[in-house]
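1. Below is the sequence, then the predicted model.
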Number of protein chains: 2
Amino acid sequence: MICQKNKEYGIDTEELARFAKAMGHPARIKILQFLSSLDSCFFGDICQELPIAKATVSQHLSELKDAGLIRGEIEPPKVRYCIDKGNWEKAKSDFQDFFKKLEPKENSCLSKM
Amino acid sequence: MICQKNKEYGIDTEELARFAKAMGHPARIKILQFLSSLDSCFFGDICQELPIAKATVSQHLSELKDAGLIRGEIEPPKVRYCIDKGNWEKAKSDFQDFFKKLEPKENSCLSKM
DNA sequence: AATATTGTTCGTAATTTTGCAAACAACTAA
DNA sequence: TTAGTTGTTTGCAAAATTACGAACAATATT
């Protein structure tokens, strides 16, 4: 059996994977749920919602920022965070398109092996 | 500043994170896209679509199976894979609910820091 | 100036992820 | 029986992830 090695994944596939990866941890889901239920809030408010140390929360926020899903703004001595609505809409439609494709019918494989 | 440590994330949050994590790699997105465009196919067909070794493809398929998104069935000497439609629908509605919450309006944070 | 608050960064450790080649198992064909 | 096909598993290495406490920077307060 031969696997081709000269193919890339494509920009859309990579973008969706990037969003999904950013969402791939319960703390980050919780952060996004919390932020999307508010207009914005401070780091301390987010930290209180999570069962992990502030250093770790800060790391998760950085990952969400790197993925483009949130923004942060310094308001001394605090830091305000909010959803990045442009990219949020992009992620939303990426996931919608991804799931739109399949019509629900019977599974072709019966067992789960 | 104090972070509470006695909180769990909740079953729904963990489930969404689990689906997202499974989708958090371009190879796995590609596999899911490929499988959702077909009724089912064999391991070799999937492998041809990806720029990585068959051992690695097999690993990614295992992760998708563990997350519940796909199924596999032995049809000697091949293995047939397909989307697990029940869990696919569950994932679909989990993501829909997740993104439904936010109304697109202006960002409360202007800069990205 | 000294102290308190807020949040990030650093240093470190444990675990997980990603990837491949080689070995392997299971079945088919010659 | 021997050889070929198909896909998984194993063993290994490199890199990324997750987590924490301590140190730090920046601002505000006393």
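-> Perfect, I can see it now.

2. Point out where chain A drops to low pLDDT.
-> Regions of chain A meeting the criterion pLDDT under 70 cover residues A:1-7, A:102-105, A:110-113.

3. Please repeat the previous calculation with a cut-off of 90.
-> Within chain A, the stretches with pLDDT under 90 are A:1-8, A:39, A:76, A:100-113.

4. what about residue A:51, neighbour count?
-> 15 (other C-beta atoms under 10 Å in any protein chain shown). Heads up, the C-betas are built off the backbone N, CA and C, glycines and all.

5. With residue A:11 instead?
-> 9.

6. wait, does stretch A:12-32 contact chain B?
-> Yes - for stretch A:12-32 and chain B, the contact criterion (C-beta under 8 Å from any C-beta of the partner chain) is met by A:13-14, A:16-17, A:20-30, A:32.

7. Which residues are in contact with the closest residue in space to residue A:19 that isn't next to it in sequence?
-> Spatial nearest neighbour of residue A:19, excluding adjacent residues (C-beta to C-beta, 6 or more residues apart in numbering or on different chains): residue A:91 at 4.4 Å. Going by C-beta atoms under 8 Å, 6 or more residues apart in numbering or on different chains, residue A:91 touches A:19, A:69, B:99.

8. can you check residue A:87 too?
-> For residue A:87, the contacting residues are A:67-69, by C-beta under 8 Å, 6+ apart.

9. Work out which residue lies at the spatial centre of chain A.
-> Central residue of chain A (C-alpha atoms, centre = their mean): residue A:23, 3.2 Å from the mean position.

10. Against residue A:52, how distant is that one?
-> Residue A:23 is 17 Å from residue A:52, where distance means C-beta to C-beta, to the nearest Å.
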